[in-house]
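Trainee: Got a predicted model here, sequence first, then my questions.
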Amino acid sequence: MTLDDAALAQKILKLRAKRLASPRAEAEPAPTGQAALCVRIGVEIYAVALDVLTEVLPLKQTTPVPGQSRHLLGVTNVRGEIRPVVNLHDMLGLPDPAPDAPMSVIFIRGPGREVGLRVDEVLRIRLFDPDQMTLPHQAGNGLPQRFIAGITADTVILLDSHQILALDALRPRRPDYTCAT
């Protein structure tokens, strides 16, 4: 090591020590709002609150359930557990995607079960300010209001997971063995 190298190293160490010893800048306040995962369904952007989201997977295969509502795409096997998958395209009045188009499924948690929602593409996580959202009945946009919690100024539509989980197609159908046939 030459004298110039030693002087340069000493200068760098002093600058680093000075920077580390200086008081830290005030931290920016943490962002507020409701965190949600943005997804694309058809040509529109929707969001699902993160507090009900359990996992996101590529949708490989679903098995249709005979006699069920068209809102139910079918069921899928996730690590040995059979879970229903909702056809959001149909439920929201959007055209179905091409059969060979890559799809994802986002699973939301309900009382005692997880339900999948088929989406075209998973985009990003974003914070939403509930006070800045338009309520669906105020927008007059033709969307099925039952499933919409709010709409942002840039037209991201926040889905109401509680209403989706309340779909009749997701209720367990158990035969009543007390009735004679």
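Mentor: It's in.

Trainee: contacting residues for Asp96?
Mentor: Asn87, His89, Asp90 (Cβ atoms under 8 Å, 6 or more residues apart in numbering). C-betas here are computed from N, CA, C, even on glycine.

Trainee: Can you show me the strands along the protein?
Mentor: Using DSSP state E, the strands assigned to the chain run over residues 34-41, 44-49, 53-58, 72-78, 81-86, 104-110, 113-119, 121-128, 148-151, 157-159.

Trainee: where in the chain is pLDDT low?
Mentor: When residues are selected by pLDDT under 70, those of the chain lie in 1-4, 25-31, 136-144, 168-169, 171-181.

Trainee: Scan it for its longest helix.
Mentor: For the chain, the helix with the greatest residue count under DSSP state H is helix 3-21.

Trainee: Using TSV, please lay out the strands of the chain together with distance to Ile12 and mean neighbour count.
Mentor: Formatted as TSV, the strands of the chain follow (distance: least, Cβ to Cβ, whole Å; neighbours: other Cβ atoms under 10 Å):
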stretch	distance to Ile12	mean neighbour count
strand 34-41	41	19
strand 44-49	47	20
strand 53-58	45	14
strand 72-78	53	19
strand 81-86	56	17
strand 104-110	48	19
strand 113-119	50	22
strand 121-128	38	14
strand 148-151	52	21
strand 157-159	50	23
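
Trainee: Could you dump the ones you listed into CSV with distance to Ala6 added?
Mentor: Shown next, in CSV, are the strands of the chain (distance: least, Cβ to Cβ, whole Å):
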stretch, distance to Ala6
strand 34-41, 51
strand 44-49, 57
strand 53-58, 54
strand 72-78, 61
strand 81-86, 64
strand 104-110, 57
strand 113-119, 60
strand 121-128, 49
strand 148-151, 63
strand 157-159, 61
